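Novice: My questions are about this predicted structure, shown below with the sequence.
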Amino acid sequence: MTRFVVVTGTGTGVGKTVTTAALACTAEAGGSRVSVVKPYQTGVTGDEPSDVATVTALSGCTDVHELVRLDDALAPESAARLRGVDISPVEDLLDDVVARGVERDLTLVEGAGGVAVRLDLAGGTIATLAGALRDAGHEVEVLVVTSLGLGTLNHTELTVDALRRQGLEPSGLALGAVPAELGLAERCNLDDLPRLTGVPVMARIPAGAGAWEAAEFCAAAPTWIL
């Protein structure tokens, strides 16, 4: 049995990749063997850095894998339809994802966009993949990356409810970009997010951490994981 942490979010740009990097270097600092999988990557062409390249640059983890790449910065299903590309259904990637976790203590699987974003032409989502991993007998946790500002309560509750409807109980919330100074909404949401969702906050990533140097990032990352 392999342990997987599926990193999803309340939307695009909430900090999934930086959170994944923080989890990777924290786990490696604790002696774990870590791999990172990005099943569907969009909006990257040629030699442009992908999300897994960002994870490597921040965390130093080199066991990273991108399975499907689409050029346009759209949801994977939309990007595939735009170009008439036939992409692999989520279920067909299961064996590839599992293979990346062989002889690893932890495999991080980063989704694209939010939890309801369609990753393939058959309507599969990151929750579909998480459920398939669980049904195959693996240990699966789902971490929801969210923001702290105004509007996050609605987005986070909807995301958590969507996961629960598919039989997936989120293990925690990660605050993907916590500002150095908190306003009224941010201060209230620190208490309200776990209270209203019933899901604990398990990580607080500082805003701007994605621009840090690797050594600084990895030295600080364990303090962000609660």
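Specialist: That came through fine.
Novice: C-alpha only now, for contacts and for neighbours.
Specialist: Will do.
Novice: quick one, strands of this protein?
Specialist: With strands called from DSSP state E, the chain shows them at 3-9, 34-42, 64-70, 106-110, 139-146, 172-178, 201-206.
Novice: Out of those, which gets nearest to residue 221?
Specialist: Proximity to residue 221 (C-alpha to C-alpha) singles out strand 201-206 among the strands of the chain, at 8.0 Å.
Novice: would you turn the strands of the chain into JSON lines with distance to residue 193?
Specialist: Below are those laid out as JSON lines (distance: least, C-alpha to C-alpha, whole Å):
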{"stretch": "strand 3-9", "distance to residue 193": "14"}
{"stretch": "strand 34-42", "distance to residue 193": "27"}
{"stretch": "strand 64-70", "distance to residue 193": "31"}
{"stretch": "strand 106-110", "distance to residue 193": "22"}
{"stretch": "strand 139-146", "distance to residue 193": "10"}
{"stretch": "strand 172-178", "distance to residue 193": "9"}
{"stretch": "strand 201-206", "distance to residue 193": "8"}
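Novice: Quick one: closest of those strands to residue 132.
Specialist: That would be strand 139-146 among the strands of the chain, by C-alpha to C-alpha, at 9.7 Å.
Novice: Which of the strands of the chain sits closest to residue 22?
Specialist: Among those, strand 201-206 comes nearest to residue 22, with 8.1 Å by C-alpha to C-alpha.
Novice: Restricting to C-alpha, output that closest one in PDB.
Specialist: The C-alpha trace of strand 201-206 is given here as PDB (Å, rounded to 0.1, in the frame of the first residue of the first chain):
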ATOM      1  CA  VAL A 201      -6.200  24.000   9.000                       C
ATOM      2  CA  MET A 202      -3.000  21.900   8.400                       C
ATOM      3  CA  ALA A 203      -0.800  24.400   6.600                       C
ATOM      4  CA  ARG A 204      -0.200  28.100   6.400                       C
ATOM      5  CA  ILE A 205       2.000  29.200   3.500                       C
ATOM      6  CA  PRO A 206       3.200  32.800   3.500                       C
END
